[in-house]
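*Asks:* Here is the input, now give the coordinates:
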Amino acid sequence: MKRIIVITAVLLIALGSATAVAAADNVAFEAELHHFSAPAGTCVDGVCDFESHGYGFTNLMGPVTVSVEFTWDFTTSPCSTLDPIEFTLVGATGSITTVGSGVICPSLSPSEFPQFFSAVGEITGGTGEFSGISGSPTSLGTVGPNGPVVHMSGTVSY
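*Replies:* Prediction:
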């Protein structure tokens, strides 16, 4: 009889733990990122390692500061590649980091603006309220004379 009680207790604990892990919420994630600084970095043979900083707002974090580090390959055509591209969004209650790859494609207008940006990524980390966050956001946007405006969206779990 003691053995059955012990086995039952172990099963309840195990199922309880599994339920807690599976209870992570899947929620929509939306962000608009803008006002980026001019990219700073170095270039060798048309491949540049840059960083830039900006601001934004997300539905989960509210106002954020943004850091982005990326390798921009200008030797690819017709679109230049961004691989890797790493965004770190920092809000009042934590941070989220995504890493992915993308492209910037030229405009068909004579002014060559706006250019069009798209990327896919994986969330690789989070801190504070967003510790353990996961997901695969996509990023779309334009790059105009005043810099990029990036719209990030997807479903995240945390």
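*Asks:* So residue 107, which state does it fall into?
*Replies:* Assigned by DSSP: H, G, I helix; E, B strand; the rest coil, the conformation of residue 107 is coil.
*Asks:* Would you check how far apart it and residue 116 are?
*Replies:* Distance, residue 107 to residue 116, by C-beta to C-beta, to the nearest Å: 7 Å. Quick note: C-beta positions are derived from backbone N, CA and C, even for glycine.
*Asks:* if I pick the spatially most central residue of the chain, what's in contact with it?
*Replies:* Note on the chain: the residue nearest the mean C-alpha position is residue 98, at 3.4 Å, using C-alpha atoms, centre = their mean. Neighbouring residues of residue 98 by C-beta atoms under 8 Å, 6 or more residues apart in numbering: 86-87, 121-124, 137, 152.
*Asks:* and it, what element?
*Replies:* strand 94-105 (DSSP states H and E).
*Asks:* Output the longest strand anywhere in the chain as PDB, restricted to C-alpha atoms.
*Replies:* Counting by DSSP state E, the longest strand found in the chain is strand 115-128. In PDB, the C-alpha atoms belonging to strand 115-128 read as follows (Å, rounded to 0.1, in the frame of the first residue of the first chain):
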ATOM      1  CA  GLN A 115      14.400  50.200 -50.100                       C
ATOM      2  CA  PHE A 116      12.600  47.200 -48.700                       C
ATOM      3  CA  PHE A 117      13.700  45.100 -45.800                       C
ATOM      4  CA  SER A 118      12.600  41.600 -44.700                       C
ATOM      5  CA  ALA A 119      14.100  39.100 -42.300                       C
ATOM      6  CA  VAL A 120      13.200  36.000 -40.300                       C
ATOM      7  CA  GLY A 121      14.700  35.100 -36.900                       C
ATOM      8  CA  GLU A 122      14.600  33.100 -33.700                       C
ATOM      9  CA  ILE A 123      14.400  34.500 -30.200                       C
ATOM     10  CA  THR A 124      17.600  33.400 -28.600                       C
ATOM     11  CA  GLY A 125      17.200  34.900 -25.200                       C
ATOM     12  CA  GLY A 126      15.300  37.000 -22.700                       C
ATOM     13  CA  THR A 127      15.800  38.600 -19.300                       C
ATOM     14  CA  GLY A 128      13.600  39.600 -16.500                       C
END
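*Asks:* what lines up beside it in the sheet?
*Replies:* Sheet pairing for strand 115-128, assigned by DSSP bridges, gives strand 94-105 (antiparallel), strand 138-144 (antiparallel).
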